[in-house]
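1. Here is my input, please return the structure:
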Amino acid sequence: MARMRQCSWLTVFLVAFAASQTIDKLPNGVEFQINATSSLYISITAAPADWVRVSLYTGKPSDTAPIAAPYISTAASQATSIMSDPTNAGVATAKNRLTVDLSQGGSNWTLADQDGSVISIQSDILAQRMPDGELRLSLGRAGNIYGSGIPSGSDSNQPTPLKADSGSVNATSHKAEAPTFWDDRGFRAFAVPVDLVASDQVDSQSLGWSVDGTTLHLTANAARLDVYLTVAVTAQSSVAQLWQLTAPPSLLPSYAFGFQVSSEAWVTADTIAKVIEQTRAGVSGLDAVIMDYHWFADTDDSAVSLNGSADRQDFAFSKDFFRTPATDRLAEWHQEHVHVGGMRWSRLTNNVSLSIAREQGCVVPETRSWNLTKPSCQQLLSSNLSEVVANGIDMFWNDDLDENASNYLETNQWASAQGKILGPNVRVYGWTRSYVPGLQAMGYASTGDEVDSSWTGLQQAVSMMLHAQLVGQPYMAPMMGGASKIQDTTLLVRSYQAAALMPIMRMHLPPSDPDRLPFALADSSIRAAVDSAIQLRYWLLPFLYSHHRRFIGNPSASRPLITPMISICLPADTQACPDRIDQWLLAGSLLVAPSLTSSSDVNVLLPSFQPMWYYFNSTIHFNQTRSQSFDVDLDQVPMFAAIGSIIPVGCSLATHANEPSVDPLLVHVYTGIDGNLSFQLDDGVSVNGNVVTVDFEWVESRQALTWSTKGSLQEPLYPLIQAVAFFPDLSQPLYSNVRTFTGDGYFSFQQLYSQARYGHDNV
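-> Purely as a prediction, here's the structure:
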């Protein structure tokens, strides 16, 4: 394989067809046969978001429109040019150009962007109908493949590498494999098949991909296969383009970024009330509790017959669980600024509910599982759940997917139906076990499979979170702490620390280990270390939430909350960080490396895209150092701020995400070069509420931090401000005075720096 500059072109070879073969021009592309004796046709057309689409089908269809799929944008597709002359066929969009050179017998295909850099690979066959009836599209010599799914929590005895060599698209309670991947040769693919049995239905579970020897193949047991392609030099750019094709992530409420606890050990509301009371009496925050099924069902539904039971309920609060009126309980918890979520399963259990749903065609035949393919069935689900939402349920956890249902479609349909109750001007937030494309646009995080309560389980939870980022799911809330009893208290602390640096900070309490929260820990040093991890989350929360809000405003131009190392290093730095799961970039400028082993030694790779990294909250710095080892105390988390970073931090003792602070907003400046930050605040709840934007700028030559403010909030979260400047030639940071945080302003550090560096005011 010959590589020239970056991989902005992709060349593949197609089995030759007669040069005299007719090339039909379509409104948005071209269509032709593989060869004169084959019944297999190919069309090349423009696709939404300036992708290009290759479609394979047997027999010339009357309609070459794209396969309808709920996770593909319906935006207009615009071809900037269409090539259909005797020597050249293909289509160009504003970003991509896919052509076939007919002068070579139709064997040479090229995917290109506008840069003109080239990479060539060879394949004997591009497209064919296999003997077993499957459609196969070969994309030449495979590169390294990333971003195809979220692995099972117990896939192996080691964390699942980020690089993959095969996938069979599905969505289950254990894993999620999406119809997309990024090849580090420089492109992202997304595939949609039409099922053979029902040609008008999308069944992405009939799709798979694999590397056979060195060749990358997409296969589908389908009458037709659409493959979307776009040039993408980096993993991160490929995810940004994937969101343009499917849907961009939605804005989550601010409480989604606070500390959250889930548990199936809570069999009565009294236990939750105790958790809230004792947490509020401590020194760490709490934003949400997520209940298991006990809140609406006394037992699971494993013994329920096909026709349901009169003594079961599906849409009401359990009196045995709440004991006092549920509305009163939920109101009390809300007064403590704790949001409440409840697990849902995808089946009906009450005989009357089942009968009504079946009459309307809303139940999968021979099961008790919802069938939400019809909008009327989604409306039926929404109306049934509306009362519990009105009475205090803030979010749902769709945890127990049904293997009898079409989970690939219904994962999104469940989220859509529930979101309609929670909206329209309230931000939707929820959890689901699996992931399918489009879920990120509905405000639903993925929790993934259960993990072991072991060091390997912790590493796998982190691996699952990083896999999610590469497949296009920025919101991941893995089961931190695992599903059984933690025997090693150091593991508990490290689990909290890793969770604090994830998109969503969640701790799970299984029945065998319900005492994982700080107030329940007997060892004072362990309790202090756990409190410190939760406090770290609330300390960073202003920075994290502002970054999330800014990212949602323009996902293509900024990094998401989590950036895996593979997205930072590839393609320029392939040897430096292959498949590293032990560190990642947080909010664009913080490199975090939580300890994921029993050893206190942590090795950190400092990426070369920044010339200097500061040890966070200190003047200790590292100049162009590739790797550093640290001996980490129990309450420490290695974190590094890039030179020029501006990082506002809040109050570590905050009790919840939206608590107004009596302490100043502390603005860290890691000096050495000019820096800037657009810091954004809002009410944390409204979709279209007021937004405050504070543009911070550090001018290195003047050693000054300035800011200008646009907008206002009814209740400012931070009425005061103070700046902290970290200089590489000083042993301690410098603190400005505290001032009112309104309008525009500045802090100058010239005099403070001169005094600290030279012992007098002027140099």
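2. Identify each buried residue in the helix or strand where residue 707 lies, please.
-> Using DSSP states H and E, residue 707 falls within strand 704-710. Buried residues in strand 704-710, counted by 16 or more other CB atoms under 10 Å: 704-707, 709. Every C-beta, even on glycine, is put in place using the N, C-alpha and C of the backbone.
3. which stretches of the stretch 551-700 of the chain form strands?
-> Ranges of strands in the stretch 551-700 of the chain, per DSSP state E, counting those that start in this stretch, are 562-564, 584-586, 590-592, 601-605, 612-615, 621-623, 627-631, 639-642, 646-649, 665-670, 675-682, 691-699.
4. typed the wrong thing, it's the stretch 101-250 of the chain
-> 108-112, 119-120, 127-129, 135-141, 145-146, 149-150, 166-168, 170-171, 176-177, 180-183, 187-195, 207-212, 215-220, 222-231.
5. again with the stretch 301-450 of the chain
-> Going by DSSP E, counting those that start in this stretch, the stretch 301-450 of the chain shows strands at 339-345, 395-400, 430-432, 444-446.
6. Export these as a markdown table, with columns for distance to residue 505 and mean neighbour count.
-> Below are the strands of the stretch 301-450 of the chain laid out as a markdown table (distance: least, CB to CB, whole Å; neighbours: other CB atoms under 10 Å):
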| stretch | distance to residue 505 | mean neighbour count |
| --- | --- | --- |
| strand 339-345 | 14 | 22 |
| strand 395-400 | 15 | 22 |
| strand 430-432 | 13 | 26 |
| strand 444-446 | 11 | 28 |
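7. Let me know which of the ones you listed is the nearest to residue 53.
-> Comparison of the strands of the stretch 301-450 of the chain against residue 53 by CB to CB identifies strand 444-446 as nearest, at 27.0 Å.
8. next structured bit after the closest one?
-> Following strand 444-446 in sequence, per DSSP H and E, is helix 455-471.
9. Figure out how far that next one is from the centre of its chain.
-> 12 Å (CA atoms, centre = their mean, to the nearest Å).
10. same question, stretch 70-90
-> That offset, for stretch 70-90, works out to 30 Å (CA atoms, centre = their mean).
11. Could you work out the end-to-end span of it for me?
-> In stretch 70-90, first residue to last residue: 27 Å (CA to CA, to the nearest Å).
12. That one: which residues count as buried?
-> So stretch 70-90, judged by 16+ other CB under 10 Å, has buried residues 70-73, 77, 79, 82-84, 89-90.
13. now residue 556: how far from residue 346?
-> 34 Å (CB to CB, to the nearest Å).
14. Correction: the previous question concerned residue 643.
-> 49 Å.
15. Looking only at neighbour counts, state which of the two leads.
-> When residue 643 and residue 346 are compared for neighbours, residue 346 comes out ahead with 24 against 20, by other CB atoms under 10 Å.
16. Check what contacts stretch 83-103 and list those residues.
-> By CB atoms under 8 Å, 6 or more residues apart in numbering, the surrounding residues in contact with stretch 83-103 are 14, 19, 23-25, 28-30, 32, 44-47, 50-52, 54, 77-82, 106-114, 229-231, 241.
17. all helices for the stretch 351-500 of the chain, in order.
-> 351-359, 375-390, 407-422, 455-471, 489-500 (DSSP state H, counting those that start in this stretch).
18. Which one, of those helices, ends up nearest to residue 683?
-> It's helix 407-422; of the helices of the stretch 351-500 of the chain, that one is closest to residue 683 (CB to CB) at 16.1 Å.
19. Output that closest one in PDB with nothing but the alpha carbons.
-> Output of helix 407-422 as PDB, limited to C-alpha atoms (Å, rounded to 0.1, in the frame of the first residue of the first chain):
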ATOM      1  CA  ASN A 407     -34.400  -4.100  19.500                       C
ATOM      2  CA  TYR A 408     -32.400  -2.400  16.800                       C
ATOM      3  CA  LEU A 409     -35.400  -0.300  15.800                       C
ATOM      4  CA  GLU A 410     -37.200  -0.200  19.200                       C
ATOM      5  CA  THR A 411     -34.300   1.200  21.200                       C
ATOM      6  CA  ASN A 412     -34.800   4.500  19.400                       C
ATOM      7  CA  GLN A 413     -38.600   4.100  19.400                       C
ATOM      8  CA  TRP A 414     -38.700   3.700  23.200                       C
ATOM      9  CA  ALA A 415     -36.500   6.800  23.600                       C
ATOM     10  CA  SER A 416     -38.600   8.800  21.200                       C
ATOM     11  CA  ALA A 417     -41.900   7.800  22.900                       C
ATOM     12  CA  GLN A 418     -40.600   8.700  26.400                       C
ATOM     13  CA  GLY A 419     -39.000  11.900  25.200                       C
ATOM     14  CA  LYS A 420     -42.400  13.200  23.900                       C
ATOM     15  CA  ILE A 421     -43.700  13.100  27.500                       C
ATOM     16  CA  LEU A 422     -40.700  14.800  29.000                       C
END
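20. what residues does that helix touch?
-> Residues from elsewhere that reach helix 407-422 (CB under 8 Å, 6+ apart): 70-71, 169-172, 202-205, 344, 346, 370-373, 378-379, 381-382, 385-386, 389, 394-396, 398, 401, 428-430, 432, 434-436, 438-439, 442-444.
21. Quick one: buried ones out of those?
-> Buried, going by 16+ other CB under 10 Å: 70-71, 169-172, 202-205, 344, 346, 370-373, 378, 381-382, 385, 389, 394-396, 398, 401, 428-430, 432, 434-436, 438-439, 442-444, out of the contacts of helix 407-422.
22. can you redo the strands of the stretch 101-250 of the chain as JSON lines with distance to residue 351?
-> Converted to JSON lines, the strands of the stretch 101-250 of the chain look like this (distance: least, CB to CB, whole Å):
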{"stretch": "strand 108-112", "distance to residue 351": "56"}
{"stretch": "strand 119-120", "distance to residue 351": "61"}
{"stretch": "strand 127-129", "distance to residue 351": "48"}
{"stretch": "strand 135-141", "distance to residue 351": "44"}
{"stretch": "strand 145-146", "distance to residue 351": "48"}
{"stretch": "strand 149-150", "distance to residue 351": "36"}
{"stretch": "strand 166-168", "distance to residue 351": "37"}
{"stretch": "strand 170-171", "distance to residue 351": "29"}
{"stretch": "strand 176-177", "distance to residue 351": "33"}
{"stretch": "strand 180-183", "distance to residue 351": "41"}
{"stretch": "strand 187-195", "distance to residue 351": "33"}
{"stretch": "strand 207-212", "distance to residue 351": "38"}
{"stretch": "strand 215-220", "distance to residue 351": "40"}
{"stretch": "strand 222-231", "distance to residue 351": "38"}
